[in-house]
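K.L.:
mind looking at a prediction? Sequence and model below.
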Amino acid sequence: MKRSLWGVLAVAVLIAGVMIGSSFAAGNYWDGWQKTIRLDIFPECGVNVRGVGGDDILQATVDTYCGVKPGGYQGYVNPKVMDIYKKKGKSYPDGKVAVLEFKKIGAAFTTDIKGGKPVYDVVSIADGKSIASKEPNHPLNPETCAKCHAGFGGTCKGFVCGNR
Ligand code: HEC
């Protein structure tokens, strides 16, 4: 009896291992996309990035996310809409547009368009599931993304900010 239980466990461990392996191999939908903006080290709270060439919106971004300690980031844009991005276009077709990947914290900010409107989310890099917050004013609440991306005096065109 005992022996067969170990057998079942061994098979279960094997299957789990294969599943974890394959989910890593599958990667993320933005892996083959074109790379855009990049920041290797996210500034600490209190750092003035205006002094080193940053603009007001970048300062606001640092002030909003420094507490999360997100590490550096890499931006990606869907090659299908790269032309619109380069021309700072104001309207994107429905679909996936851009991703900002924060490897250190295993999270990615995603921007999609649905019915002509931007949809913001925060997903886990490991499994693609949403880890966005529902807490009002939380930095990872999609409403916070919208306030900056669709607000901020129209600094960002077409709801993306990396091409401003
Ligand atoms: C306070 C302003 C602000 C907030 C809040 C904010 N962003 Fe951004 N976002 C920016 C700026 C500025 C950039 C470009 C950074 C740069 O130039 O290096 C950017 C870049 C991006 C990009 C990459 C676009 C590209 O050009 O490659 C995505 C995707 C993105 N943000 C999604 C989000 C999501 C999702 C949220 C909410 C969880 C969010 N952002 C919250 C200001 C903000």
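P.N.:
That came through fine.
K.L.:
you'd agree residue 73 is up against residue 102?
P.N.:
Yes - using CB atoms under 8 Å, residue 73 is in contact with residue 102, at 5.2 Å. Just so you know, the C-beta spots here come from the backbone N, C-alpha and C atoms, and that holds for glycine as well.
K.L.:
more neighbours: which of these two?
P.N.:
The neighbour count for residue 73 versus residue 102, taken as other CB atoms under 10 Å, is higher for residue 73 (24 against 21).
K.L.:
partner residues bridging that one?
P.N.:
Beta-bridge pairing for residue 73 (DSSP bridges): residue 39.
K.L.:
which helix or strand contains the residue most central in space within the chain?
P.N.:
What sits nearest the mean C-alpha location of the chain, by CA atoms, centre = their mean, is residue 109, with 2.0 Å. For residue 109, the host element (DSSP states H and E) is strand 107-114.
K.L.:
using PDB, write down the CA coordinates of that strand.
P.N.:
Listed next in PDB are the C-alpha coordinates belonging to strand 107-114 (Å, rounded to 0.1, in the frame of the first residue of the first chain):
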ATOM      1  CA  ALA A 107       4.800  42.100 -12.900                       C
ATOM      2  CA  ALA A 108       3.800  43.700 -16.200                       C
ATOM      3  CA  PHE A 109       1.600  46.800 -16.900                       C
ATOM      4  CA  THR A 110      -0.500  46.100 -19.900                       C
ATOM      5  CA  THR A 111      -2.500  48.500 -22.200                       C
ATOM      6  CA  ASP A 112      -5.200  47.200 -24.500                       C
ATOM      7  CA  ILE A 113      -7.900  48.900 -26.500                       C
ATOM      8  CA  LYS A 114     -11.400  47.700 -26.300                       C
END
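K.L.:
tell me the angle the helix or strand just after it makes with strand 107-114.
P.N.:
Sequence order places strand 117-124 as the next helix or strand after strand 107-114, per DSSP H and E. Interaxial angle, strand 117-124 versus strand 107-114 (axes from the mean of the first three to the mean of the last three CA atoms, to 10 degrees): 160 degrees.
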